[in-house]
Each structure stands twice: as C-alpha cells, then as structure tokens.
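> Sequence first, predicted coordinates after that:
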Amino acid sequence: METITIPGTPKTPTVEMNVDSGIIEIKGRSIPENSIDFYRPVVEWLDNYSNSPASETKVNIQLEYFNTSSSKCILDVFKKLEQVFKRNGEKGVVINWFYEEDDEDMLEAGEDYQSILKIPFKMIEIED
C-alpha cells in the first residue's frame, strides 16, 4: 500500500494520505464536476488502510468550501475512518476539523458530521 497525493485545483482539494505516518489531509475547495469520481481513490485507499492502519490515524480537514455532492462523499470518507476507529479503539483516530474564525457554516458542517459519527472530532478555529 502506498501514500497517495492528489494535487489541489481551484475545484478540488489537495489530498495527502500517508500510510506510514497515519496522517490524512484534505485541504482547499471541494466542488469537483463529479464528486464520486474524485473521492473514489480516497475511499478505496481507506478500505485497504482499514485492514492494517497505523496505531494512530490523524485526519486534518481544512476545507474553505464544499458543495452538496462533496458533502456526501466526505461522509463516506468518514464512515471508512469509523472502521479504522472501531479497529484501533479510542485513540485510534482523531479528526481535526479546521474552520476560519468567522466561518459559521464550516463550523456547523463539522459539528453535523461529528453528531453522525462515532469518532472524536476536534474543532480548531484558525485566524483568517
């Protein structure tokens, strides 16, 4: 299994998934033409990763904006991470949800995901 890096574009986020360190990062804007196609390699990678995850998986999500179709795909990513969490227990997975200090919508989106999932979320406010 290899580390994945997907460079960001004006419509898609940068994605880095490091199998050795257990660090997963998704940053930028997520408004791809086809969200399912864009997130498919991410979900497939997590499927494989969940079979033998790092002892600690740290997920950093720092999105400026995402559309409705991306929100469903992001939930799919989190559901795969839930499998890792169930396998590794309490300290196995932490999701750091970054949002800009005046971006109430992004904070709410993180809180919505947190209410659906059984993974610890840390809401981290960043200055503009």
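That came through, no problem.

> how about the helices in the chain?
35-49, 68-88, 104-116 (DSSP state H).

> so what does the last one touch, helix or strand wise?
With contacts defined as 3 or more CB pairs under 8 Å, 6 or more residues apart in numbering; DSSP states H and E, helix 104-116 has these neighbours: strand 57-66, helix 68-88, strand 93-100, strand 121-126. C-beta: built from backbone N, CA, C; applies to glycine.

> how about JSON lines for those, with mean neighbour count and mean pLDDT added?
Below are the helices and strands packed on helix 104-116 laid out as JSON lines (neighbours: other CB atoms under 10 Å; pLDDT from 0 to 100):
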{"stretch": "strand 57-66", "mean neighbour count": "19", "mean pLDDT": "95"}
{"stretch": "helix 68-88", "mean neighbour count": "17", "mean pLDDT": "90"}
{"stretch": "strand 93-100", "mean neighbour count": "20", "mean pLDDT": "94"}
{"stretch": "strand 121-126", "mean neighbour count": "13", "mean pLDDT": "94"}
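
> For F38, find the nearest of these.
In terms of CB to CB, the element of the helices and strands packed on helix 104-116 nearest to F38 is helix 68-88, at 7.3 Å.

> Mind listing residues that contact the closest one?
Outside of helix 68-88, the residues within contact range by CB atoms under 8 Å, 6 or more residues apart in numbering are 24, 26, 30-32, 35-36, 38-39, 42-43, 46-47, 49-50, 53, 55-57, 59, 61, 66, 92-93, 95, 109, 113, 116-119.

> Relative to E64, how far out is I26?
11 Å (CB to CB, to the nearest Å).

> now do Y113
Using CB to CB, Y113 is found at 16 Å from E64.

> can you check E82 too?
Shown here: E82 relative to E64, a distance of 25 Å by CB to CB.

> got it, and N51?
From N51 to E64 the distance is 32 Å (CB to CB).

> check contacts around the most centrally placed residue in the chain.
Nearest to the centroid of the C-alpha atoms of the chain, with distances taken as CA atoms, centre = their mean, sits I61, at 5.2 Å. When contacts are counted by CB under 8 Å, 6+ apart, I61 touches 25-27, 74, 95-98, 110.
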